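S.K.: just to be clear, the model below is a prediction. Sequence and coordinates:
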Amino acid sequence: MGQQGIFYIVATPIGNLDDISQRALKILQEVDVIAAEDTRHTRKLLDAYQISTKMVSLHEHNETERAQMLIDKMLAGDNVALVSDAGTPLISDPGYVIVNQARQQSIQVVPIPGACAAIAALSAGGLPTDRFLFAGFLPQKSGPRQQSVAELMKQAATTVLYESPRRIIDLLEAIQAVDAQRSVCLAKELTKSFERFLPGTPGELIEVLQQDPDLQRGEWVVLIAPPEKQRESSLGAEILEAVEIAADALPLKKACEVVAKITGHKKNQLYQAVLEYREK
Ligand code: SAM
């Protein structure tokens, strides 16, 4: 059997066409075929860089059948690049099915990293970045949406969401319903001429957006800070919670001793942290 082709997962710009690496351009030029979420959209990018590689479409409605066709091509020796309309494929974009299948077939899958709206927003938004939870687009129906927001806002991590302009105020209202004082940062139109970062509480941001409906247009990343209490403990919320659960059945010192044995922390450190946590 001849040599298999390589499957490149290529990040493309999220607005500013300059945000594409030399390596990405080289790969897009050299592969046998580019699988693009929307070939007309990607054509504009390829034209800007005088790349004339053949394209096929691969989007959420045809991914399964296209995956098989493209995998057959790679098994036969063709190199393939996957791109989405903007940013990093698979990040709230198609590609999981084909990457998963390619790996199962032992095809070499190579990432060509670049723009990603979530990471761009985190890098300049000013909210904690030591732990973050990317949740993409939330459900559109209000019940499941409110439930997801409440669940995410419990986490000891900055939550990163994508949202459409139509639902941005609705999302802020859902955040406000859980915690009106929570720090939020909205990142709009990243890398484009109308790029804006809007920090504030959900209520402040709703007011700003309602005063200027034009501002609501465009693409949004929503960053939600973790709850204060959990961030302030260097031990992390899960460990403190474990001590609290153990303390339901045991005296606090004993509970700290048990959790310390399991987690490898010092029991005195746990004890102090829990006392401080309870005081807040
Ligand atoms: N794969 C992309 C990435 O790597 O970021 C995300 C694709 S997802 C279908 C599109 C969503 O990402 C938009 O609705 C918006 O929430 C966010 N997004 C994409 N580009 C953006 C930009 N330039 N500024 C702000 N948000 C953006």
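M.R.: Cool, got the structure.
S.K.: now for whichever residue of the stretch 51-200 of the chain sits closest to the ligand: which residues touch it?
M.R.: Residue of the stretch 51-200 of the chain nearest the ligand, by Cβ to the nearest ligand atom: Gly87 (2.3 Å). For every residue, glycine as well, the C-beta is placed using N, CA and C. Gly87 makes contact with Ala11, Thr12, Pro13, Ile14, Asp93, Gly114, Ala115, Cys116, Ala117 under the criterion Cβ atoms under 8 Å, 6 or more residues apart in numbering.
S.K.: format these as JSON lines; extra columns: secondary structure and neighbour count.
M.R.: Listed next are these as JSON lines, based on DSSP: H, G, I helix; E, B strand; the rest coil; neighbours: other Cβ atoms under 10 Å:
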{"residue": "Ala11", "secondary structure": "coil", "neighbour count": "22"}
{"residue": "Thr12", "secondary structure": "strand", "neighbour count": "26"}
{"residue": "Pro13", "secondary structure": "coil", "neighbour count": "18"}
{"residue": "Ile14", "secondary structure": "coil", "neighbour count": "23"}
{"residue": "Asp93", "secondary structure": "coil", "neighbour count": "18"}
{"residue": "Gly114", "secondary structure": "coil", "neighbour count": "18"}
{"residue": "Ala115", "secondary structure": "coil", "neighbour count": "21"}
{"residue": "Cys116", "secondary structure": "coil", "neighbour count": "20"}
{"residue": "Ala117", "secondary structure": "helix", "neighbour count": "23"}
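S.K.: how about the residues you listed in a markdown table, adding pLDDT and distance to Gly236?
M.R.: Formatted as a markdown table, the contacts of Gly87 follow (pLDDT from 0 to 100; distance: Cβ to Cβ, whole Å):
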| residue | pLDDT | distance to Gly236 |
| --- | --- | --- |
| Ala11 | 98 | 31 |
| Thr12 | 98 | 36 |
| Pro13 | 98 | 36 |
| Ile14 | 98 | 32 |
| Asp93 | 97 | 31 |
| Gly114 | 98 | 32 |
| Ala115 | 98 | 31 |
| Cys116 | 98 | 26 |
| Ala117 | 98 | 27 |
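S.K.: so which of the residues you listed reach the ligand?
M.R.: Contacts with the ligand within the contacts of Gly87, counted by Cβ under 6 Å from any ligand atom: Ile14, Asp93, Cys116, Ala117.
S.K.: what helices or strands is the host helix or strand of Arg40 leaning on?
M.R.: In this structure, Arg40 sits in helix 39-48 according to DSSP states H and E. Judged by 3 or more Cβ pairs under 8 Å, 6 or more residues apart in numbering; DSSP states H and E, the packing partners of helix 39-48 are strand 33-36, strand 55-57.
S.K.: most tightly packed of these?
M.R.: Greatest average neighbour count among these goes to strand 33-36 (a mean of 24), per mean count of other Cβ atoms under 10 Å.
S.K.: indicate whether that one makes contact with the ligand.
M.R.: No: on the criterion Cβ under 6 Å from any ligand atom, strand 33-36 is out of touch with the ligand, staying 12.8 Å away.
S.K.: quick one: name the residues of this protein near the ligand.
M.R.: Counting by Cβ under 6 Å from any ligand atom, the chain comes close to the ligand at 14-15, 84, 86-88, 91-93, 116-118, 162-164, 187, 189-192, 219-221.
S.K.: of those residues, buried ones?
M.R.: Those of these that meet the buried threshold are 14-15, 84, 86-88, 91-93, 116-118, 162-163, 187, 189-191, 219-221, by 16 or more other Cβ atoms under 10 Å.
S.K.: please consider this matter closed, and thank you.
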